[in-house]
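Colleague: What follows is a predicted protein model with its sequence.
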Amino acid sequence: MASEFSDVSVLQRRERFLAGEVAADAALRDDILASWRRSADCGVRPDRFEVPQQPDLEGDGQLQRAAGPVFDHVAEDLPATNVALLLTNEQAEVLDRRVADRTILGHLDRVLLAPSFCYSEGAVGTNAIGTALEVHRPSVVFGGEHFAEVLTALACAAVPIEDPGTGRTLGVVNVTSEAKDASALMLPFVRRIAREINERLIDGTLVEQRILRERFLRAKRWAKGPLVSLGEDSIMTNRAAAEIVGPTDHALLSEWAERELRGDRRGSELSLSNGMSVIARLEPVTDGTEVVGALIRLHAAPPPDVIGEPARRAAVTASGLGGPASPIPSERSSISSPKDSPTQRRVDVCSFPTTPWSTTSRASTGSSKSGPVSSWRCW
């Protein structure tokens, strides 16, 4: 099968495609032709190969935590193979690479298929990683089907990994070999690895959801005012909070809580979309030493004359792009949210998707009422 995957006829069809001829015959897969077109539209040139790098690429996120044990187990069998196993994020940036064969390792290093480098379709042309992310389904690219000439000696298969709670693509798992060693079993092999990672993501999500719900219900029983619970893909409110917190306030609360947990405390006064000013108090919800969510208690803000110098309160948008807050007494600042239509407000305990938090995967926090916290999941 290796000769089929590195068939010279595919290379010839690519040359005709680059010359402006439309390659449309049974020997060339539609997915590959479509990818070639996207690559050309992005300005990728087969004879020039530049791989973007993100040196400060952050790891240890949700996907890596789920994939790590699976990769560790599979890596035990890699010495008996001539394939490499890779994990990327949703931007096609390589997060993890496992390879035992020195020949394939050297080849991957030469083409910069290594941690922190980006293999998006728009950067390096047709390849299983970038193409799988582009079409949101498994992709296999053999030999001459690659758009870049330097990649035509490789074969690869990739499967996207999705967040079980939101359906958002987290990245891909990929296997790569030299084209001469390619096998039709590459795709089934990587599908199995992806399935195991998905199972771990589901298990982890279910545990976090249970912890958040139990903590919220306990707090709700004794809450005397508005109470909000924020999780990775959900928000829950008691009746008092549902009457004042509108849909456009979710991002405001999420971004404020993220800043609080990483120690960036700009103030606790929030301006909700209905025009109401509230004072927010945050309590991390933990699973061991890892923060999986937060409880936010809301209290009506005192009148301006109680605080003094109301004109010096800083107002920033929910996105945090309104500029630095002005210093005021009691370290109080006002953070505002876009306005909601009154008909959009929820009036009871609810649970529904929220806007994803920062792409930062983890951040350190100090001690809290829930005990020492060493990491924080950003959503």
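Modeller: In hand now; what should we look at?

Colleague: any weak-confidence spans in the chain?
Modeller: For the chain, the stretches with pLDDT under 70 are 1-8, 22-27, 60, 304-379.

Colleague: quick one, longest helix in it?
Modeller: helix 186-222 (DSSP state H).

Colleague: Does that helix pack against any helices or strands, and if so which?
Modeller: Counting contacts by 3 or more Cβ pairs under 8 Å, 6 or more residues apart in numbering; DSSP states H and E, helix 186-222 packs against helix 62-75, strand 154-162, strand 169-178, strand 227-230, strand 235-237, strand 277-287, strand 290-300. The C-beta positions use only the backbone N, C-alpha and C, and glycine is treated the same way.

Colleague: and the second one with helix 186-222, angle?
Modeller: Strand 154-162 and helix 186-222 meet at an angle of 20 degrees, taking axes from the mean of the first three to the mean of the last three Cα atoms, to 10 degrees as the criterion.

Colleague: List the strands paired with strand 154-162, with their directions.
Modeller: strand 139-142 (antiparallel), strand 169-178 (antiparallel) (DSSP bridges).

Colleague: now the shortest one, how far from the centre of its chain.
Modeller: Think strand 139-142. Chain-centre distance of strand 139-142: 24 Å, with Cα atoms, centre = their mean, to the nearest Å.

Colleague: which parts of it are buried?
Modeller: 139-142 (16 or more other Cβ atoms under 10 Å).

Colleague: element containing residue 31, please.
Modeller: helix 30-41 (DSSP states H and E).

Colleague: Nearest to residue 246 among the buried residues of strand 139-142?
Modeller: residue 139 (40.8 Å; Cβ to Cβ).

Colleague: got a list of what the residue nearest to residue 177 when sequence neighbours are not counted touches?
Modeller: Spatial nearest neighbour of residue 177, excluding adjacent residues (Cβ to Cβ, 6 or more residues apart in numbering): residue 83 at 4.5 Å. Counting by Cβ atoms under 8 Å, 6 or more residues apart in numbering, residue 83 touches 99, 101, 104, 175-177, 181, 186.

Colleague: Of these, keep whichever come out buried.
Modeller: By 16+ other Cβ under 10 Å, the contacts of residue 83 give 99, 101, 104, 175-177, 181, 186 as buried.

Colleague: how about these in TSV, adding distance to residue 198?
Modeller: Listed next are the buried ones among the contacts of residue 83 as TSV, based on distance: Cβ to Cβ, whole Å:
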residue	distance to residue 198
99	23
101	27
104	26
175	16
176	21
177	24
181	27
186	19
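
Colleague: ok so, going back, now the helices and strands packed on helix 186-222 as CSV including distance to residue 87?
Modeller: Below are the helices and strands packed on helix 186-222 laid out as CSV (distance: least, Cβ to Cβ, whole Å):
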stretch, distance to residue 87
helix 62-75, 5
strand 154-162, 8
strand 169-178, 6
strand 227-230, 27
strand 235-237, 29
strand 277-287, 23
strand 290-300, 20
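
Colleague: Out of the ones you listed, the one nearest residue 127 is which?
Modeller: Closest among the helices and strands packed on helix 186-222, using Cβ to Cβ: strand 154-162, at 6.3 Å.

Colleague: Between helix 62-75 and the closest one, find me the angle.
Modeller: 130 degrees.

Colleague: Centre of the chain to stretch 178-191, how far?
Modeller: On Cα atoms, centre = their mean, the centre of stretch 178-191 falls 27 Å from that of its chain.

Colleague: typo on my end, it should be stretch 38-54
Modeller: Centre-to-centre, stretch 38-54 and its host chain are 23 Å apart (Cα atoms, centre = their mean).

Colleague: Send over that stretch as CSV, restricted to the C-alpha atoms.
Modeller: The C-alpha trace of stretch 38-54 is given here as CSV (Å, rounded to 0.1, in the frame of the first residue of the first chain):
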residue,chain,number,x,y,z
ARG,A,38,-7.7,26.5,0.3
SER,A,39,-3.9,26.3,0.7
ALA,A,40,-3.4,28.3,-2.6
ASP,A,41,-6.0,30.9,-1.6
CYS,A,42,-4.0,31.4,1.7
GLY,A,43,-0.9,32.1,-0.3
VAL,A,44,0.9,28.9,0.6
ARG,A,45,3.6,28.0,-1.9
PRO,A,46,4.7,24.4,-2.4
ASP,A,47,8.4,25.4,-2.9
ARG,A,48,8.6,27.6,0.2
PHE,A,49,8.1,26.2,3.7
GLU,A,50,7.8,28.4,6.7
VAL,A,51,6.3,27.0,9.9
PRO,A,52,5.1,29.6,12.5
GLN,A,53,6.2,29.1,16.1
GLN,A,54,4.6,30.1,19.3
